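# Any chance you can model this:
(chains A and B)
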Amino acid sequence: MKFTGKKLVVGLATMAGMVALTAAPALAQEEVTGVLTEESLSAEAVQVVLDNIWVLIAAVLVIFMQAGFALVEAGLTRAKSVANIMMKNLMDFAVGVLVFAAVGFAFAFGEGNGFIGTEGWFLNSETFSAGWLNLSLPTFFIFQVAFAATAATIVSGAMAERTKFKSYFVYSALITAIVYPIIVHWVWGGGWLATLATPFHDFAGSGVVHTTGGIAALVGTAILGPRIGKYAADGTPRAIPGHSIPFAIIGCFILLVGWFGFNGGSELAADSAVPAIALTTLLAASAGALVAGLVTWLKDGKPDVAMAGNGLLAGLVGITAGCAALNNWSAVIVGAIAGALVVVSVYFFDRIRIDDPVGAVSVHGICGIWGVIAVGLFAAEESDYWKQGLFFGGGTDQLLSQLLGIAAIVAFTAVTMTIVFMAIKYTIGLRVSPNEEVEGLDVHEHGYAGYGVDVVTGFSDEVLIGSTGSPSGKQV
Amino acid sequence: MATLVTAIVRPHALDGVKNSLKAAGITGITASEVKGFGRQGGQTETYRGAEYKIDFLPKIKLEIIVTDDLVDTVISTISAAASSGKIGDGKIWTIPVGTLVRIRTGELGDEAV
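Take a look at the predicted model:
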């Protein structure tokens, strides 16, 4: 392939035209909050702009977490289904954004009852004219849809290497359109958990996002069954090593970076609380990675790289609910406990025939539950949003609300996702054929392999280097 | 007459073996990456808590064709260069070569070594 000058010019002109077309209506609508003119150049107006910019940047960081999930999941599974994992991560995001814009956001944040929002379909700007704090509808939606996509994509890794692509497609639409938004409504949309005498506190979604995704992954994996070859005839779990530890660890680092948007952005404002939230996030992640590495080292004689990566994520999930309410020392303790918990949990689920190649159920489901409970134990200074935890002399009020909330989230997710996955299983089917599973999902589901497409399809050298290529294969 | 000397050695011993053989006057070596196990029978590791066995460990197979008078030199050279004294150092064996032809010139037997 080579670009001619003419094609380049035509392409640039088309792009410029598209930019002009999309920019024109946007300019016409600029009476919305926060446009700076000389008259409006007040501290409040500047704050509105700062809040929107920060949360928008945070939203983009959370969207970048999709790349982290894709790499972690690809790295910890086998090469023969790597294109399938990438496609699932790409499509649950694309489908998720569209269905969340159409109905999910209204279920979550529309006016309604304590259980579910009932208005504001298709981002109706009249329903949502008030905005959130200083945030405009576009800012808040992009931030929230990034969270919805996170909840959905957690399941992808747990069900890897054996799930039909079309079935995953249906699942991801249903969880992002209905199941996840209902839980969001309870907690962040003014629903029943937000209006308890002592409101349930889940700052950035240990429970709302991660436990929901983790429990959905548990249900899906249980209904799906383990991969062929995962268990010996006597039931002993066998190791199926992932194909790229570098992918997995780079993915963990990307998730760590994205998490500063996840937790820091959940302040929904650019204020002085954000750096403290970022610090608790960082401390918990580091404690989680360290402890998970040490636990595997003590137990198996060598520090397990992938488990240490899981520990980093476990610490992050654990601190997500309490990143604003906990002090630094509590963050280290909560992260460390999450790091130990994730190792024990991965080993446990492996033994009870829940074949979760990436540890999603343990990282997100189990450590998400821990993160929510930790708020009730470690919340330090009392605020408008939470009471002091049990260990800080606040009694059991907050702890009981946390236990009630997480029990409701687990139960609702388990019931609804059982219905979803059973319905999929008995209609379009959930699992690929044994033959397809053994040969890998890439070619069967998507037409070509993730690696080495030239070898697999048997292209001649001439095709590979192009008809104008020199014998050395150099492009001209 | 010519003899085929085949040696299985550790991958990291390859450079040392090659240099010693060249110093001893050997003119050609064919090396391939192979996997195998011997008396030790591989090793056991854990991945995310599940034990698994690595039965086949990576080794290098060397094939060297020499005239019969050099066989003892080649064997002792490889042994010296590839030995660490630990399990897994490998093996050396010889097979008499039937017909040997240099493709370019058509030379036969010892001439073709």
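
# all contacts plus neighbour counts: C-alpha atoms, from now on.
Fine.

# For the one residue in chain B that gets nearest to chain A, give me its contacts.
Of all residues in chain B, the one sitting closest to chain A is residue B:50 (5.1 Å; C-alpha to the nearest C-alpha). Residues in contact with residue B:50 (C-alpha atoms under 8 Å, 6 or more residues apart in numbering or on different chains) are A:237, A:238, A:239, A:347.

# Okay, and the beta partners of it?
Beta bridges link residue B:50 to residue B:47 when assigned by DSSP bridges.

# got the residues of chain A near chain B?
Residues of chain A lying near chain B by C-alpha under 8 Å from any C-alpha of the partner chain: A:237, A:238, A:239, A:240, A:241, A:296, A:300, A:304, A:306, A:307, A:346, A:347.

# circling back: out of the contacts of residue B:50, grab the one that's most surrounded.
Greatest neighbour count in the contacts of residue B:50, by other C-alpha atoms under 10 Å in any protein chain shown, goes to residue A:237: 22 neighbours.

# And the pLDDT for it?
pLDDT for residue A:237: 93.

# who does it bridge with?
Counting by DSSP bridges, residue A:237 is bridged to residue A:231.

# Now do the contacts for it.
A:230, A:231, A:350, A:351, A:353, B:50.

# Need the pLDDT of the last one.
Note for residue B:50: predicted pLDDT of 88.

# For the closest residue to residue A:127 other than its chain neighbours, grab phi and psi.
Residue nearest to residue A:127 in three dimensions, not counting chain neighbours: residue A:120, with 5.3 Å by C-alpha to C-alpha, 6 or more residues apart in numbering or on different chains. Main-chain torsions, residue A:120, degrees, to the nearest 10: phi 100, psi 30.

# Excluding chain neighbours, what is closest to the residue lying farthest from the centre of chain B?
The C-alpha centroid of chain B is most remote from residue B:49, which lies 36.3 Å away (C-alpha atoms, centre = their mean). What sits nearest to residue B:49 in space, not counting adjacent residues and going by C-alpha to C-alpha, 6+ apart, is residue A:347, at 6.0 Å.

# Which helix or which strand is home to that neighbour?
In this assignment (DSSP states H and E), residue A:347 forms part of helix A:328-351.

# Quick check: whatever residue of the stretch 101-250 of chain A ends up closest to chain B vs residue A:76, distance?
Per C-alpha to the nearest C-alpha, residue A:239 is where the stretch 101-250 of chain A lies closest to chain B, at 5.1 Å. Separation of residue A:239 from residue A:76 (C-alpha to C-alpha, to the nearest Å) stands at 11 Å.

# Residue A:143 too?
Look at residue A:143 and residue A:76: by C-alpha to C-alpha, they are 28 Å apart.

# Test my guess that the residue farthest from the centre of chain B contacts residue A:345.
No. Using C-alpha atoms under 8 Å as the test, residue B:49 is too far from residue A:345 to be in contact (10.7 Å).

# Which positions in whichever helix or strand residue A:149 is part of come out as buried?
For residue A:149, the host element (DSSP H and E) is helix A:137-158. Using 16 or more other C-alpha atoms under 10 Å in any protein chain shown as the test for burial, helix A:137-158 gives A:137, A:139-158.

# ok, now which ones touch the spatially most central residue of chain A?
Closest residue to the average C-alpha location of chain A: residue A:150 at 2.0 Å, with C-alpha atoms, centre = their mean. Shown in contact with residue A:150 (C-alpha under 8 Å, 6+ apart): A:65, A:66, A:209, A:213.

# Need the pLDDT of the third one.
This points to residue A:209. pLDDT at residue A:209 comes out at 98.

# The first one now?
According to the predicted model, the pLDDT of residue A:65 comes to 98.

# Over to the last one?
Predicted confidence (pLDDT) for residue A:213: 98.

# Quick check: the gap between it and residue A:172.
Residue A:213 is 11 Å from residue A:172, by C-alpha to C-alpha.

# Same check on residue A:138?
23 Å.

# top of the contacts of residue A:237 by neighbour count?
Most neighbours among the contacts of residue A:237, by other C-alpha under 10 Å: residue A:350, with 24 neighbours.

# Tell me which of the contacts of residue A:150 fall in helices.
Among these, DSSP state H puts A:65, A:66, A:213 in helices.

# which strands and helices sit next to the helix ranked longest in chain B?
In chain B, assigned by DSSP H, the helix with the most residues is helix B:71-82. Using 3 or more C-alpha pairs under 8 Å, 6 or more residues apart in numbering or on different chains; DSSP states H and E, the elements in contact with helix B:71-82 are strand B:2-9, helix B:14-23.

# Next, the angle from it to strand B:2-9.
10 degrees (axes from the mean of the first three to the mean of the last three C-alpha atoms, to 10 degrees).

# ok so, going back, ok, the residue of the stretch 101-250 of chain A closest to chain B touching residue B:44?
No. Counting by C-alpha under 8 Å, residue A:239 sits too far from residue B:44 to count as a contact (11.2 Å).

# joint contacts of those two?
Common contact partners of residue A:239 and residue B:44 (C-alpha under 8 Å, 6+ apart): B:51, B:52.

# pLDDT weak spots in the stretch 1-150 of chain A?
For the stretch 1-150 of chain A, applying pLDDT under 70 flags the ranges A:1-40.

# Residue A:394 touches residue A:387, doesn't it?
Yes. Between residue A:394 and residue A:387 there is a contact at 6.5 Å, judged by C-alpha under 8 Å.

# more neighbours, those two?
Each of residue A:394 and residue A:387 has its neighbours counted (other C-alpha under 10 Å); residue A:387 has more, 26 against 19.

# Sticking with the more buried one, tell me its helix or strand.
Here residue A:387 is assigned to no helix or strand, by DSSP H and E.

# OK, contacts around it?
Applying C-alpha under 8 Å, 6+ apart, the residues near residue A:387 are A:198, A:379, A:381, A:394, A:397, A:398.

# do you know how far it is from chain B?
As judged by C-alpha to the nearest C-alpha, to the nearest Å, residue A:387 and chain B stand 38 Å apart.

# how far away is that residue from residue B:110?
According to C-alpha to C-alpha, residue A:387 stands 92 Å off from residue B:110.

# one step back: now for the contacts of residue A:237: which two are most distant?
Maximum pairwise distance among the contacts of residue A:237 (C-alpha to C-alpha): 12.4 Å, between A:353 and B:50.

# on that earlier part again, closest to residue A:167 out of the contacts of residue A:150?
Nearest to residue A:167 among those, with distances taken as C-alpha to C-alpha, is residue A:213, at 16.5 Å.

# which residues touch the closest residue to residue A:163 other than its chain neighbours?
When the adjacent residues along the chain are set aside, residue A:163 lies closest to residue A:431, with 4.7 Å between them (C-alpha to C-alpha, 6+ apart). The contact partners of residue A:431, taken as C-alpha under 8 Å, 6+ apart, are A:162, A:163, A:164, A:224, A:425.

# Any chance of a PyMOL selection covering the buried ones in these?
To isolate the buried members of the contacts of residue A:431 in PyMOL, using 16+ other C-alpha under 10 Å:
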select buried, chain A and resi 162+163+164+224
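
# In strands only, show me the contacts of residue A:431.
Per DSSP state E, strands hold no members of those.

# Redo the contacts of residue A:431 as TSV? Include pLDDT.
Formatted as TSV, these follow (pLDDT from 0 to 100):
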residue	pLDDT
A:162	97
A:163	97
A:164	97
A:224	97
A:425	97
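
# out of the contacts of residue A:431, which are inside helices?
A:224, A:425.

# Make JSON lines from the contacts of residue A:431 and add distance to residue A:281 to it.
Formatted as JSON lines, those follow (distance: C-alpha to C-alpha, whole Å):
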{"residue": "A:162", "distance to residue A:281": "34"}
{"residue": "A:163", "distance to residue A:281": "33"}
{"residue": "A:164", "distance to residue A:281": "36"}
{"residue": "A:224", "distance to residue A:281": "34"}
{"residue": "A:425", "distance to residue A:281": "39"}
